[in-house]
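1. After the sequence you'll find the predicted model.
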Amino acid sequence: MTKTDIAPQNAPKRVFIKTYGCQMNVYDSDRMADALAPHGYMPTQELGEADLVLLNTCHIREKASEKVFSELGRLKEVQGERRAAGADMMIGVAGCVAQAEGEEIARRAPMVDMVFGPQAYHRLPDMLARAQAQRHLHPSLKKAVVDTDFPEEDKFAHLPAAKKEVTIKRGLTAFLTVQEGCDKFCSFCVVPYTRGAEVSRPVAQVLAEARGLVEAGVKEITLLGQNVNAYHGVDAAGRSVGLGELAYLLAEITGLERLRYTTSHPRDMDDALIAAHRDLPLLMPYLHLPVQSGSDRILKAMNRKHTAAEYLALIERIKTARPDMALSGDFIVGFPGETDQDFEDTLSIIRQTGYASAYSFKYSTRPGTPGANLTGQIAEEVKTERLYRLQELVNQQTTDFHASCVGKTMPVLIERVGRMPGQVGGRSPYLQAVHLEGSTDLIGAIHEVEIVGTSTNSLVGRLKQAVAA
């Protein structure tokens, strides 16, 4: 191989990041890219040109570990092809699967250089340096760098600020993690074991990052947390600030036009946050508030610590404060011990609430969770049939909600060129995709759009008048 076949020493390295799972993982992937940028790594969408590949994994879905090992098998082949061409590829596994099964990944996949959990990605440059040093050792001595400790330090304080040019590439909308971890210990969930205890970022840190995003052109921010409405960050005076008060502070940022948050727990939906929905136009009238089941017996077994009646009463309070509020939710069918009547109770709470959308899953055991040891596991065919019935009901509610928007005029953030010539697309306050005829000059601002029709998964609109950007 000649010198021209090899990239010059000062050429930027390329990092390919594949993200699985929730919005928090998307945010984490972005911040990993930010942490690597000062060390010469630029993001790439081409796996074959990557000097470093990071899999940011999620442990929520069924067979999550198996999917990671399957992906690592494919990466091994790409790594071999790059080495045959005189290049190299380092591989890291990050996220919740890494947190739960770090040593097992290192043992079963020796080509992996780094394994680290979601609380450690601020240490990524140091891990990378240690992993590169390992590469000079004899294969029999080489070991993956494994970092799955829950650090005492604030990882966000140790991350570099996002570069403006990188932030701009993220578009008009952005995620901003304000809270991590979970203290609820629902019996079906691994999050407390992979993300740790509930921790909230300081108020000043959140506001500074939000201002930076807005300065880079972001119009809409979604606040993230495993239990985002459990946020209690400390302000400069040492006072605890809840998510409701944080929303008021964020609303003061000039140029921020929309604010969302996810995911919430019913037990943390307090009066201050409900009041913020009443008072702040930029706080979107779309709330993801999972209930998981409509059966009090199953809710107790899930350790949700609320009843179906309490959930419905909360929904009533929220809609009284914000009458145009639309709801989305999460549902698990086939939880151990779920009877036909329990399932009917779930269908009943769906009918009473009326959802604009919902996510629904068949229960699957997660090793290490209390639910894995419960008796009364439900047959797979029963879970499949129940999930089908539940999704039929939710899909009809979604269709009805889309239809109810026809004839209304709503503010739409125009984000992109549309699928058809002369068309642009954006998002409604309810996160619906909206397509309309219009020039690309509309992109980047919120415009008043009359909804004139619906399609399978979106709305059809007609431009009325622009709202000042």
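-> Structure's in. What do you need?

2. CA atoms for contacts and neighbours, from now on please.
-> Fine.

3. check contacts around Tyr355.
-> Taking CA atoms under 8 Å, 6 or more residues apart in numbering as the contact definition, Tyr355 lies against Ala326, Leu327, Ser328, Gly329, Val394, Gln397, Thr398, Phe401.

4. taking those one by one, which sit in helices?
-> By the criterion of DSSP state H, membership of the contacts of Tyr355 in helices covers Val394, Gln397, Thr398, Phe401.

5. and the residue nearest to the last one when sequence neighbours are not counted, how many residues sit next to it?
-> When the adjacent residues along the chain are set aside, Phe401 lies closest to Ala356, with 5.7 Å between them (CA to CA, 6 or more residues apart in numbering). The local packing count at Ala356 equals 25, with neighbours defined by other CA atoms under 10 Å.

6. Verify the stated contact: Ala356 with Asp330.
-> No - using CA atoms under 8 Å, Ala356 makes no contact with Asp330, being 11.9 Å away.

7. Which residues does stretch 290-309 contact?
-> Counting by CA under 8 Å, 6+ apart, 184-188, 264-267, 311, 328-333, 335, 337-338, 342-343, 345-350, 371 sit against stretch 290-309.

8. From those, which land in helices?
-> By the criterion of DSSP H, membership of the contacts of stretch 290-309 in helices covers Tyr311, Asp342, Phe343, Asp345, Thr346, Leu347, Ser348, Ile349, Ile350.

9. neighbours around Asp340, how many?
-> Other residues lying near Asp340 total 12 when counted by other CA under 10 Å.

10. one step back: for the contacts of Tyr355, pick the one with the most neighbours.
-> Each of the contacts of Tyr355 was scored for neighbours by other CA under 10 Å, and Val394 scores highest at 24 neighbours.

11. Closest one to Thr440 out of the contacts of Tyr355, please.
-> Minimum distance to Thr440 across the contacts of Tyr355 is 28.6 Å, recorded for Phe401 (CA to CA).

12. Low-confidence bits of the protein, can you list those?
-> Segments of the chain classed as low confidence (criterion: pLDDT under 70) are 1-11, 60-62, 137-141, 150-170, 465-469.

13. in the sheet, who's paired with the nearest residue to Gly418 once chain neighbours are set aside?
-> Leaving aside its chain neighbours, Gly418 sits nearest to Val424 (3.9 Å; criterion: CA to CA, 6+ apart). Val424 has these beta-bridge partners by DSSP bridges: Val417, Leu436.

14. any idea how far Val424 lies from Met410?
-> When CA to CA, to the nearest Å is the yardstick, Val424 and Met410 sit 16 Å from each other.

15. So if I had to pick from the two, which one is more boxed in?
-> Just comparing Val424 and Met410: by other CA under 10 Å the higher neighbour count belongs to Val424, 22 against 18.

16. What are the buried residues along stretch 79-88?
-> Neighbour-count burial for stretch 79-88 flags Gln79, Arg82, Ala87, Asp88 (criterion: 16 or more other CA atoms under 10 Å).

17. Likewise for stretch 310-317?
-> By neighbour count with 16+ other CA under 10 Å, stretch 310-317 contains the buried residues Tyr311, Leu312, Leu314, Ile315.

18. Can you lay out those as CSV showing distance to Val406?
-> Supplementary listing: the buried residues of stretch 310-317 in CSV, determined by distance: CA to CA, whole Å:
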residue, distance to Val406
Tyr311, 29
Leu312, 27
Leu314, 28
Ile315, 24
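
19. Surely Gln119 is within a strand?
-> No - Gln119: not assigned to a strand; according to DSSP: H, G, I helix; E, B strand; the rest coil it is coil.

20. Correct me if wrong: it contacts Ala197.
-> No - in this structure Gln119 lies outside contact range of Ala197 using CA under 8 Å: 11.0 Å.

21. These two - which one has more neighbours?
-> Using other CA under 10 Å, the more surrounded residue of Gln119 and Ala197 is Gln119, with 27 against 16.

22. which phi and psi does that one have?
-> According to degrees, to the nearest 10, the main-chain angles of Gln119 amount to phi -90, psi 0.

23. what about Gly92, how many neighbours?
-> Applying other CA under 10 Å, we find 25 residues neighbouring Gly92.

24. separation between it and Ala98?
-> Gly92 sits 9 Å away from Ala98, taking CA to CA as the criterion.

25. Identify the contacts common to the two.
-> Between them, Gly92 and Ala98 have Val115, Phe116 as joint contacts when contacts are counted by CA under 8 Å, 6+ apart.

26. So which residues of the stretch 1-150 of the chain form strands?
-> Read by DSSP state E, counting those that start in this stretch, the stretch 1-150 of the chain holds these strands, from start to end of the chain: 13-19, 41-43, 52-57, 90-94, 114-116, 145-147.

27. Can you lay out those strands as TSV showing distance to Val68?
-> What follows is those, written out as TSV (distance: least, CA to CA, whole Å):
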stretch	distance to Val68
strand 13-19	11
strand 41-43	21
strand 52-57	7
strand 90-94	9
strand 114-116	12
strand 145-147	16
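
28. got a list of what Gly102 touches?
-> By CA under 8 Å, 6+ apart, the residues touching Gly102 are Val115, Phe116, Val146, Asp147, Thr148.

29. How about Pro118?
-> Counted by CA under 8 Å, 6+ apart, Pro118 has contacts Asp28, Ala94, Gly95, Cys96, Gln99, Thr194, Arg195.

30. Filter those residues down to the buried ones.
-> Buried positions within those, assessed by neighbour count (16+ other CA under 10 Å), are Asp28, Ala94, Gly95, Cys96, Gln99, Thr194, Arg195.

31. Pull up the gap between Leu413 and Ala309, please.
-> When CA to CA is applied, the distance between Leu413 and Ala309 equals 36 Å.

32. Same question for Val234.
-> When CA to CA is the yardstick, Val234 and Ala309 sit 33 Å from each other.

33. now swap in Tyr41 and tell me
-> From Tyr41 over to Ala309 the distance is 52 Å, taken as CA to CA.

34. Equivalent analysis for His122, please.
-> Taking CA to CA as the measure, His122 falls 43 Å from Ala309.

35. ditto for Thr353
-> Here the criterion is CA to CA. By it, Thr353 lies 11 Å from Ala309.

36. what about those two, which has more around it?
-> Comparing Thr353 with Ala309 by other CA under 10 Å, the one with more neighbours is Thr353, at 16 against 13.

37. Can you tell me the closest non-neighbouring residue to the more buried one?
-> When the adjacent residues along the chain are set aside, Thr353 lies closest to Leu312, with 7.1 Å between them (CA to CA, 6+ apart).

38. so who does the one you found touch?
-> Contact analysis of Leu312 by CA under 8 Å, 6+ apart lists Ile349, Gln352, Thr353.

39. change it to 10 Å
-> Residues touching Leu312, when contacts are defined by CA atoms under 10 Å, 6 or more residues apart in numbering, comprise Val291, Gly294, Ile318, Ile349, Gln352, Thr353.

40. can you pull out the helices in the stretch 51-200 of the chain?
-> According to DSSP state H, counting those that start in this stretch, the stretch 51-200 of the chain carries its helices in the segments 64-84, 95-108, 124-134, 164-169, 191-194.
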